[in-house]
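[1] Build me a model:
(one chain, ligands or ions: 1)
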Amino acid sequence: NWTTRNILEEQADRIREQIGDARVICGLSGGVDSAVAAALVQRAVGDQLTCVFVDHGLLREGEAEQVERDFVAATGVKLHVANEQKRFLEALAGVSDPETKRKIIGREFIRAFEEAERAIMREAEAEGEPIRFLVQGTLYPDVVESGGGEGAANIKSHHNVGGLPEDLQFELVEPLRTLFKDEVRAVGAQLGLPAEIVGRQPFPGPGLGIRIVGDVTEERLALLRKADAIARAELTAAGLDNEVWQMPVVLLADVRSVGVQGDGRTYGHPIVLRPVSSEDAMTADWSRLPYDLLARISNRITNEVDGVNRVVLDVTSKPPGTIEWE
Ligand code: XMP
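    This is a model prediction of the structure:
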């Protein structure tokens, strides 16, 4: 439409003016803000932009492919992928305390990003064009309410790509600074970005690492990824994506309960469904999902995911519960 097209043209001019002939980098998280910010900059200055995707192995099913394949196909962006799954698993080994997990993930993320950045920098310098700019997907609400749009920074140590240390060597490019989330989604759609990215519900920077209650292992991640994919697919099939703000799916890896399947006794883990409705994530209510949808999700998860023999529903509002379990 007219307004978003206007935003696009205006932004492209402004970005070109700011960046000139210099090189610029942008971290992609798989989320909508960094994707739209990167696509806008790419549209304005093309190959002067290099995007960095640190794959920490804590994303949900299909999300790494959405960045590496679909986003690249839609934008033609130059992408540097850092495959750091092993590094994060090793750093998280044996750690079950939520704050410690968050700190480790945040720390390793910054280190991995900086390593990628240095590699790109060496290439750029060899070509005689140093990197001078860093793109950030800061939105208008983040600007007004400095401390972050999510507002929970003092309760949990938040981590996201926007939270990279502001390396003083870079000047920031923030093409979304005047926009609200729904406007960002409209711009993303206008730019032809994949629907999965444009419509993605909020997902925490530390990813599935804080949706496993207990320590994080490769097997547990695989199990949770499968359960989460089923729950999301069923929610979408029921046409309820827009009613639900977010539906974390949590693995209680430290809990086991007795069950029966076929004619055998099982001793498996529970999966928690945490669908919530909210305006801004500061407060939330649990979503009254239809019973038949809950039944379908439960049947499919217990049948299709080995090691899970119970599905439970979280019926706590925020406060007193937070949206995430960790
Ligand atoms: P809580 O669990 O505090 O979450 O009620 C509020 C909202 O913030 C998201 N969340 C995060 N987002 N980095 C993020 O970018 C984080 O570290 C983080 N922790 C929680 C959560 O998914 C919810 O939308």
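
[2] Need the pLDDT of Ser157.
    Per-residue pLDDT puts Ser157 at 77.

[3] Distance of it relative to Asp215?
    For Ser157, the distance to Asp215 equals 18 Å [Cβ to Cβ, to the nearest Å]. For glycine as for every other residue, the C-beta is placed from the backbone atoms N, C-alpha and C.

[4] what's the answer for Glu63, then?
    Glu63 is 22 Å from Asp215, by Cβ to Cβ.

[5] Show me which of these two is the more surrounded one.
    Using other Cβ atoms under 10 Å as the criterion, Glu63 and Asp215 rank with Glu63 on top: 20 against 16.

[6] Wondering if stretch 30-49 reaches the ligand at all.
    No: counting by Cβ under 6 Å from any ligand atom, no contacts exist between stretch 30-49 and the ligand, the nearest distance being 7.8 Å.

[7] which parts of stretch 304-314 are buried?
    By neighbour count with 16 or more other Cβ atoms under 10 Å, stretch 304-314 contains the buried residues Val305, Gly307, Val308, Asn309, Arg310, Val311, Asp314.

[8] cool, and stretch 122-141?
    Buried residues in stretch 122-141, counted by 16+ other Cβ under 10 Å: Ala124, Ile131, Arg132, Phe133, Leu134, Val135, Gln136, Gly137, Thr138, Leu139, Tyr140.

[9] quick check, Glu115 in a strand?
    No: read with DSSP: H, G, I helix; E, B strand; the rest coil, Glu115 is helix and lies in no strand.

[10] count of neighbours near it?
    Neighbour tally, Glu115, other Cβ under 10 Å: 15.

[11] How about the contacts made by it?
    Glu115 makes contact with Ala82 under the criterion Cβ atoms under 8 Å, 6 or more residues apart in numbering.

[12] For the ligand, see how far away it is.
    As for Glu115, its distance to the ligand is 21 Å (criterion: Cβ to the nearest ligand atom, to the nearest Å).

[13] please begin residue numbering at 283 from this point
    Noted, 283 is the first residue going forward, which turns the last one into Glu397.

[14] Parallel or antiparallel, list what pairs with the helix or strand hosting Cys308.
    Secondary structure from DSSP states H and E places Cys308 in strand 305-310. Paired strands of strand 305-310, with direction, are strand 331-337 (parallel), strand 413-417 (parallel) (DSSP bridges).

[15] looking just at contacts, which helices and strands does the helix or strand following that strand meet?
    Per DSSP H and E, the first helix or strand lying C-terminal to strand 305-310 is helix 314-327. For helix 314-327, the elements it packs on are helix 284-301, strand 305-310, strand 331-337, helix 354-357, strand 413-417, helix 463-472, helix 477-480, judged by 3 or more Cβ pairs under 8 Å, 6 or more residues apart in numbering; DSSP states H and E.

[16] can you put these in JSON lines and add mean pLDDT and distance to Arg570?
    JSON lines is the format used below for the helices and strands packed on helix 314-327 (pLDDT from 0 to 100; distance: least, Cβ to Cβ, whole Å):
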{"stretch": "helix 284-301", "mean pLDDT": "87", "distance to Arg570": "34"}
{"stretch": "strand 305-310", "mean pLDDT": "96", "distance to Arg570": "35"}
{"stretch": "strand 331-337", "mean pLDDT": "97", "distance to Arg570": "36"}
{"stretch": "helix 354-357", "mean pLDDT": "97", "distance to Arg570": "36"}
{"stretch": "strand 413-417", "mean pLDDT": "94", "distance to Arg570": "40"}
{"stretch": "helix 463-472", "mean pLDDT": "94", "distance to Arg570": "24"}
{"stretch": "helix 477-480", "mean pLDDT": "95", "distance to Arg570": "26"}
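
[17] Alright, that wraps it up for me.
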